[in-house]
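Asks: What follows is a protein structure lacking sequence information:
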């Protein structure tokens, strides 16, 4: 399990997630939304994007829309492939003319508060877009979710949150932005029809944004209250541990066991963390887990499910997903001071994400290397 350090300043560590399956919108037919959350002050940014954007595309988007306001991130927490996130950080440094010594990608479960916030924000966006917000003004222009969702972001940032007692904009900037309604002059006798029509639209969108936000927070609260009932664990109890962050248990994700064990509790660290005695191939792993990744072991499971193995710790062969299959080796290099080399590989269905791998990390390496050396050999 990976433990990340607490951020010491805003926008040092960010949490990213992609909200897909949105209807195509805008001139560029955006069909997804990138949600970025500053883990220091929990301030969000919503960016339109495409669901098949590469690491290079995402880096370009961040460089043009975010970095000028926040500065360069040190680390990114994401549930995307860590190789994707590392490539994203590397490209960001390349665009900014800097070099990162060790770009790092973390799984979102390492920051439960930010992950919960991400889920709530995604639910809020889902509710907002499900409304089918589309409006034609008096000039015939159509406004859909891509152009209206900034109202949702503004409503969120200027609303007081119960956890802090402040609006995110106050924590981020020290002041609350003026809303469009604050700048309207109410003493005007005549208002242009287009302006009046646009104001009516903004009022409707603002009302829906507030409702979407409140409903999302209420749903998150109900879900938390319903599921967050911590069992009364004691030292000596047998428990199962979530395999979510146990990367050594390899194989197709859909075929992995959700929990492994049982293991004996050896210590309780307050009410939120439990230390267990790991065994087998996991004995060298960090043995303290949050209670959210622990569940009681029921001995009756063996009686009612005699074929179920409660400790599935065997390592099945690694199978590559269709979009991560290697296409070919395109270059090799020798590591200075080491009697080994690395090979630059290209994936079959992914562009701009070539990476250096050791021979031991390349599936079917002998076949790929033979083909590489044959193609490189001068033709007679």
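Replies: Perfect, thanks for sending it. Please read these numbers as outputs of a predicted model, since none were measured by experiment.

Asks: Tell me which residues touch residue 19, please.
Replies: 32, 33, 34, 35, 122, 125, 126 (Cβ atoms under 8 Å, 6 or more residues apart in numbering). Bear in mind the C-beta positions are built from the backbone N, C-alpha and C, glycine included.

Asks: And the pLDDT at it?
Replies: pLDDT, residue 19: 78.

Asks: Once you drop chain neighbours, what's closest to it?
Replies: Leaving out its chain neighbours, the residue that sits closest to residue 19 by Cβ to Cβ, 6 or more residues apart in numbering is residue 33, at 4.4 Å.

Asks: Return the distance of residue 159 relative to residue 39.
Replies: To residue 39, residue 159 is 20 Å away according to Cβ to Cβ, to the nearest Å.

Asks: So between these two, which is more surrounded?
Replies: More neighbours surround residue 39 than the other of residue 159 and residue 39, with 21 against 16 (other Cβ atoms under 10 Å).

Asks: Pretty sure that one sits against residue 77.
Replies: Yes - under the criterion of Cβ atoms under 8 Å, residue 39 makes contact with residue 77 at 7.1 Å.

Asks: so where do the strands sit in the stretch 1-150 of the chain?
Replies: Using DSSP state E, counting those that start in this stretch, the strands of the stretch 1-150 of the chain run over 13-19, 32-38, 44-49, 75-78, 105-106, 135-136, 142-143.

Asks: Tabulate those (TSV), appending distance to residue 117.
Replies: Listed next are those as TSV, based on distance: least, Cβ to Cβ, whole Å:
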stretch	distance to residue 117
strand 13-19	8
strand 32-38	6
strand 44-49	8
strand 75-78	12
strand 105-106	16
strand 135-136	29
strand 142-143	27
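
Asks: For the helix or strand residue 330 falls within, give the mean pLDDT please.
Replies: Assessed by DSSP states H and E, residue 330 sits inside strand 326-334. Regarding strand 326-334, the rounded mean pLDDT is 84.

Asks: in its sheet, what does whichever helix or strand comes after that strand sit against?
Replies: Heading C-terminal from strand 326-334, the first helix or strand you meet, by DSSP H and E, is strand 341-347. Strand 341-347 sits in its sheet next to strand 326-334 (antiparallel), strand 355-358 (antiparallel), going by DSSP bridges.

Asks: which of the residues in strand 341-347 are buried?
Replies: Counting neighbours by 16 or more other Cβ atoms under 10 Å, one finds that the buried residues in strand 341-347 are 342, 343, 345, 346, 347.

Asks: check contacts around the second one.
Replies: When you say that, I think you mean residue 343. 329, 331, 332, 333, 356, 357, 358, 359, 362, 369, 372.

Asks: Could you do the third one as well?
Replies: Residue 345 makes contacts with 326, 327, 328, 329, 330, 354, 355, 356, 357, 362, 368, as judged by Cβ under 8 Å, 6+ apart.

Asks: again, only this time at 7 Å
Replies: Counting by Cβ atoms under 7 Å, 6 or more residues apart in numbering, residue 345 touches 326, 329, 354, 355, 357, 362.
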